[in-house]
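Visitor: what would the 3D arrangement of this be:
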Amino acid sequence: MGHVSSAYIDDSYLQGDSYRECYNNVVDTVRLFSSLGFCVHPDKSVFTPTQQLVFLGFILNSNTMTVVPTDEKKEKIVSVCSAVLAKTESIVTLVSNFPGAEFGPLHYRELEQEKYFALVLSKGNYAGPMSLSTRAVSEIRWWLYNVQNLKRDIVRDNPDIVIKSDASNLGWGAIYGEQKAGGRWMSSEATLHINVLELKAAFFALKCFCSNLDTQHVRIFIDNTTAVSYINNMGGSKSVFLNSLAIKVWDWCIARNLWVSAVHIAGKLNIEADEKSRKFNDKHEWRINEQCFNEIIELFPTVNIDMFASRLNNMLDPNPEMPIQDNTRQSSWNTDCSIMANSDMVPNTTTAVISTTVDLRSENGPTATPVTQRTTSTVSETMPDGMSLIREHYGNLGIPANVTEVLLASWRPSTQKQYNTYLRRWMAFCNHSPTVNDTLKSLMKLYQEGVSYSTLNTARSALSTVVNIKDFGNNPIVTRFMKGIFELRKPTPKYTEIWDVSIVLRYLSGLYLYESLTLKNLTLKLLMLLLLVSSQRGQTIHLLHINNLVPSEDKYVFHVLDHTKTSKPGKPYDILQICAYEIYPNNCPLACLKEYINRTKQLRGSETKLFISYVKPFKPVSRDTISRWTKTVLDKSGVDTNVYKAHSTRAASTSKASRGNVPIDQIMANAGWKSAETFYKFYDKPVESSTSITDVHVRLWICAGQMTCVCGAAIREGKDVIVISMCNKMKDSVPTILRTLKRSPGSLSKGIQITKKISGSSLEQEQAGVLKKGRAFLRFSLNKNFKNKLNKEDPAIVASKVKQNRMKDVMTTQTFSQESTLLR
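Guide: Residues are numbered from 1 along each chain as shown. Coordinates of the predicted model:
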């Protein structure tokens, strides 16, 4: 049979491609409802197929393919908006009537934000007062003025124009067919978040290629999911800045009757736009002196045309509505002609051009400049990155281009990134054949800026790759200069001490049971556990692939086939082994890994990298994301991330292992070091004295002997112990506990305090005071209801089962790792 139907509570929508098909759908549906015992309301139902139908307060029209609110709904919106302007308590009713308009999402988020803050202030009271800002009032007025014209198209035609855009920290780029656009960011823009830059790049692309379009559908491909979301949803609530920018994009499009849709594209497929965001042809950009400009304005106050109209150097505000014109006064995007802004001021030319590149002139309106790659030209365009200087250097030595590419590949991307910074500064500092004095002046300038010895050494290494000075790196004057820098500014270790691993493990143990964790928490926990148990760099964890995984019952083995920092010719590939930690079930990396692989199996598709994003589109994450996730876990655990960065996990885990008497050979093998000197010189740090505590909260039956073990372990760590008993019987065990602890070798007891039975509220106050002082807090009660269970099973297993079943009066624990072993 097969029918298209949709139901919402007690309303049903039936559809067919023809009158007969729709009629059959109605007959079959009514017959089905009747057979199930339901009564179809004859007055509220429409049994005759029609091309216009009222459903859930909206008029559906299959001829115009639109959705329009009913007159009653429009009147309600008008009355509510009028009431809101007079009395703001009606805001909740107003917001509930907003969905259903084409551009409605552009005109309610300010109200939504203010509603949220008002609810916070009124503690969730929807009847509480709320004040409206000027922007919120303007949104309400928009609904008042446009309510009679509200509608929404059911479907959209295929796009008329397809554009690609991309952004980097240097600039933006856009591609439309054979036409290209791009430009640098202003200094104030370069510091913005990449999500903002991606959305700006999309906006600039629209301005460049769509200024003269009308009533067309424009599709833009972006490799940033946040920018895609803010365009398609006409804004968002998470970022005020992005929401404001998205509204500007849509206002610009609406003014030109354009409909814009955004689609995510993988970065590896967006190469051309990415190249334009990093590669610029602005070597001849210049700007008139500001003092001279002011003198000109005094003489000619009516000047209104700026021939230096780049958005980076313009002195006058451009006409935001000025169209882009070429030298033939025809189409702005004729790729057979060169293009220049304000062409009426420039004589016509017929210079042959291979490709036309557009450069945005202002935030308000785009104009264009030519990139004239003449067929007879031999001038090469300089890349903005410093590696182009190395490429040019090899070219001057007569080395073929294909050989040069192989030579450049000898530097890892991280090394190229380091060199790039100082080579670019060198290009700005010296553009002629340098001498030793020139290089020393460049290094001295860096020294005066306060950079460290290691940074200067990196700059020296970078310069040695491009300067035509024989044995520059070993030049006596250069080496003597570096020795002087070493004496004047001796290198200091990044960390003098390292954070305690137990702090992070204590936080992670609270993220238990694995199957009940959100994908985000499961991802963060697995990442941190892998970093701690493997002592590897984040780079290695980032390169793990599930297709290079060899699973077994008690361990998983990853073969790291990609190049890592320590990869060398002849060295075998790295192996990462993840074993089970059965004694610590809530922090077992193998159990966590198994759950993660199982949870992400349906999400990852064909992706093989272990770590994928925990939000759509669930793609492999970058190395920077791994670092950011690591810092997130450290921050939530209480580690100061202003001091300790993501790479500190390597020193923290190995230092903790060394303090735990783990053999140095095992530490070296686990971390991938050849020499013990590497560990002792760079990674072996004293563990930071922490105010963290052995925070054990137990509410289960326990004997005095087990309690003695727990107390003794805490006291040996130099903690004061306060036992808060929920039962007076526990007090009888005090003499036995004290005698046992005094006989314990190496026990440095600072004292045990046993309190009487106290109420729940007093217990919370007592607990807060104890934790604030950095003491160990243990809470026991004699609950014989679980005596039989504890006699048969391990307490940790019992606690896990009880926590799963949400049974009461058994156990509430934030850390049950080392303590679970002690309680056995």
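
Visitor: where does the stretch 551-700 of the chain dip in pLDDT?
Guide: 565-571, 677, 680-682, 688-700 (pLDDT under 70).

Visitor: residue boundaries of the strands in it?
Guide: 555-560, 574-579 (DSSP state E, counting those that start in this stretch).

Visitor: of all those strands, which lies closest to D471?
Guide: strand 574-579 (35.4 Å; C-beta to C-beta). C-betas here are computed from N, CA, C, even on glycine.

Visitor: other SSEs contacting that closest one?
Guide: Under the contact definition 3 or more C-beta pairs under 8 Å, 6 or more residues apart in numbering; DSSP states H and E, strand 574-579 sits against helix 519-534, strand 555-560, helix 589-604.

Visitor: right, so the ones you listed: which one is the most enclosed?
Guide: helix 519-534 (a mean of 22; mean count of other C-beta atoms under 10 Å).

Visitor: hey, C-alpha coordinates of the helix or strand immediately after that one in the chain in CSV?
Guide: Going down the chain from helix 519-534, the next helix or strand is helix 538-542, by DSSP states H and E. This file holds the C-alpha atoms of helix 538-542, laid out as CSV (Å, rounded to 0.1, in the frame of the first residue of the first chain):
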residue,chain,number,x,y,z
GLY,A,538,49.4,14.2,22.6
GLN,A,539,50.7,13.9,19.1
THR,A,540,51.0,10.1,19.4
ILE,A,541,47.5,9.8,20.9
HIS,A,542,46.2,11.9,18.0
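
Visitor: who does helix 538-542 touch, helix- and strand-wise?
Guide: helix 519-534, helix 623-637.

Visitor: contacts for that helix next, please.
Guide: 527, 530-531, 534, 560, 564-565, 574, 576, 609-611, 621-623, 626-627, 630, 646-647, 649 (C-beta atoms under 8 Å, 6 or more residues apart in numbering).

Visitor: what about the closest residue to E607 other than its chain neighbours, neighbour count?
Guide: The shortest distance from E607 to any non-neighbouring residue, by C-beta to C-beta, 6 or more residues apart in numbering, is to P620 (5.5 Å). The number of residues packed around P620, counting by other C-beta atoms under 10 Å, is 15.

Visitor: in the sheet, which residues pair with P620? Tell me.
Guide: I612 (DSSP bridges).

Visitor: residue contacts, it?
Guide: P620 neighbours (C-beta under 8 Å, 6+ apart): 607, 609, 611-613.

Visitor: taking those, please make a ChimeraX selection of just the buried ones.
Guide: Here is the ChimeraX command that picks out the buried ones among the contacts of P620, judged by 16 or more other C-beta atoms under 10 Å:
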select :611,612,613
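
Visitor: L529 and K685, how far apart?
Guide: 21 Å (C-beta to C-beta, to the nearest Å).

Visitor: typed the wrong thing, it's S168
Guide: 36 Å.

Visitor: now swap in Y8 and tell me
Guide: 62 Å.

Visitor: more neighbours: the two, which one.
Guide: For Y8 versus K685, the count of surrounding residues by other C-beta under 10 Å is larger for K685: 20 against 9.

Visitor: excluding chain neighbours, what is closest to that one?
Guide: I498 (4.0 Å).

Visitor: what about the helices and strands packed on helix 538-542, which gets the closest to K207?
Guide: helix 623-637 (29.6 Å).

Visitor: which residues sit against that closest one?
Guide: Contacts of helix 623-637 (C-beta under 8 Å, 6+ apart): 499, 503-504, 506-508, 523-525, 527-528, 531, 538-539, 541-542, 611, 613, 621, 641, 644-649.

Visitor: correct me, but L531 touches T654?
Guide: No. The pair L531 and T654 does not pass the contact test of C-beta atoms under 8 Å, sitting 11.3 Å apart.
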